[in-house]
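Got a predicted structure here, sequence first:
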Amino acid sequence: MATIETDAGVDPAFRKAVLDGLRMDRRAIGARWLYDLKGSELFEDITDLPEYYPTRTERGLLDAYSGEAGAAIGAGRAVIEFGSGSSAKTPLLLKQIDPAAYVPIDISGEFLRDSAESLSDEFPELPVFPVEADFSHKVPLPEAVADMPKLGFFPGSTIGNMVPPIAVDFLRTMKETLGIGAMLLIGMDRVKGEEILVPAYDDAAGVTAAFNLNLLTRINRELGGTIPEDAFRHRAVWNDPLARVEMHIEALRDVEFTVEGERFAMAKGETIHTENSHKYGPRDARILLRAGGWTMIREWSDRKDQFALILAEA
Ligand code: AVI
């Protein structure tokens, strides 16, 4: 997930998200805005942190079970990866399923070109059709894969960053994009103890804090903000009723600032909510998939049941 900055001026959607978000009683700015160039780099660093188990656990599952998954999926499908980013996990899967084509979909053309090139080096026989698009809407797939059965691939537990009604809509949109007879291989993070979840989003080295607080730097730079960044800190909290880790930016003192000339005041302790990361128990995951039009057929999880890779059919 990355938004690449350009010099072409302010992104009107970013301006709207920030101003609307700061005007709310419970201030909130959507997580997608954490991913400017710096934010995307910091997220890559997060995936290597000792406390951040999801990436390494999912990679371990793909290492261990891609063979089994491949047998269940069968050969000859077009693999459609949603939000392919750097496609780091894709080769593990492609090696096992003898795909007919690979279609990475990402909003960032730069990421797409790089990953399509390295995939083509590794799988010279595999037809690769990159699609630069916002995959939250139905994406028209290339003509060349129209008649192939599809496998959607959505690793990384990115589904967890959507509130459940949006996650359900998104699952339905993926089903529409993939068409009749589709399968889906999706990563979901499990519910677990706070003592594991909170450090995963508030690591000792402060990388997640830098990732979150970088949003203030971005607002100041792109929207001419005057936010005193040292007056804020990163907070990660487990919201048990909603089964999610929340990231917030908390004011350490009463502060006043402007964004695009508009004045805002925040009291000490007030926060800006910047991200949700929902966690799903085994049955929660199945129900979410069902609501989105998919039925789970296989599931693989690690020894500690921290993370699951789920295969579903439409
Ligand atoms: C991208 N997404 C799945 C990450 C997560 O775990 O929710 C984003 C993240 N935010 C803080 N650390 C990681």
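Great, that's in hand. Residues are numbered from 1 along each chain as shown.

can you give me the helices for this protein?
Using DSSP state H, the helices of the chain run over 12-23, 37-46, 53-73, 90-97, 109-122, 164-178, 194-200, 207-222, 282-291.

pull the CA atoms of the longest one into CSV?
What it means is helix 53-73. Output of helix 53-73 as CSV, limited to C-alpha atoms (Å, rounded to 0.1, in the frame of the first residue of the first chain):
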residue,chain,number,x,y,z
TYR,A,53,5.0,-11.0,13.9
PRO,A,54,2.5,-10.8,11.0
THR,A,55,4.8,-10.5,8.0
ARG,A,56,7.3,-13.2,9.1
THR,A,57,4.5,-15.6,10.3
GLU,A,58,2.7,-15.3,7.0
ARG,A,59,5.9,-15.8,5.0
GLY,A,60,6.6,-18.9,7.2
LEU,A,61,3.1,-20.2,6.3
LEU,A,62,3.6,-19.7,2.6
ASP,A,63,7.0,-21.4,2.9
ALA,A,64,5.5,-24.4,4.7
TYR,A,65,2.1,-24.7,3.0
SER,A,66,2.3,-23.3,-0.5
GLY,A,67,2.6,-26.9,-1.7
GLU,A,68,-0.6,-28.0,0.0
ALA,A,69,-2.3,-24.8,-1.1
GLY,A,70,-1.1,-25.4,-4.7
ALA,A,71,-2.6,-28.9,-4.6
ALA,A,72,-6.0,-27.5,-3.4
ILE,A,73,-5.9,-24.6,-5.9
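
Residues in contact with it: which ones?
Residues outside helix 53-73 that contact it (C-beta atoms under 8 Å, 6 or more residues apart in numbering) are 47-48, 88-89, 92-93, 95-98, 151, 155-157, 183, 185, 187, 189, 196, 200, 297-298, 300-302, 306-309, 311. All C-beta spots, glycine's among them, are computed from the backbone N, C-alpha and C.

now, which of the residues you listed lie within strands?
Within the contacts of helix 53-73, residues falling in strands by DSSP state E are 151, 183, 185, 187, 189, 297-298, 300-301, 307-309, 311.

Please report how far the closest residue to Pro50 other than its chain neighbours lies from His234.
Distances taken as C-beta to C-beta, 6 or more residues apart in numbering place Asp203 nearest to Pro50, at 7.7 Å, with adjacent residues excluded. With distances taken as C-beta to C-beta, to the nearest Å, Asp203 is found 10 Å from His234.

got any residues that touch both of those two?
Ala209.

Can you read off the pLDDT for the residue nearest to Pro50?
You'll see Asp203 listed with a pLDDT of 98.

residues contacting Glu48?
Residue 48: Asp, not Glu. Thr55.

Show me what from the protein comes close to the ligand.
Residues of the chain that fall close to the ligand, judged by C-beta under 6 Å from any ligand atom: 1, 46, 54, 156-158, 160-161, 201, 208, 275, 277.

who touches stretch 235-253?
31, 160, 191, 194, 197-198, 200-202, 208, 212-213, 215-216, 231-234, 266-280, 284.

Please pick the buried ones from the residues you listed.
31, 160, 191, 197-198, 200-202, 208, 212-213, 215-216, 231-232, 234, 266, 271-280, 284 (16 or more other C-beta atoms under 10 Å).
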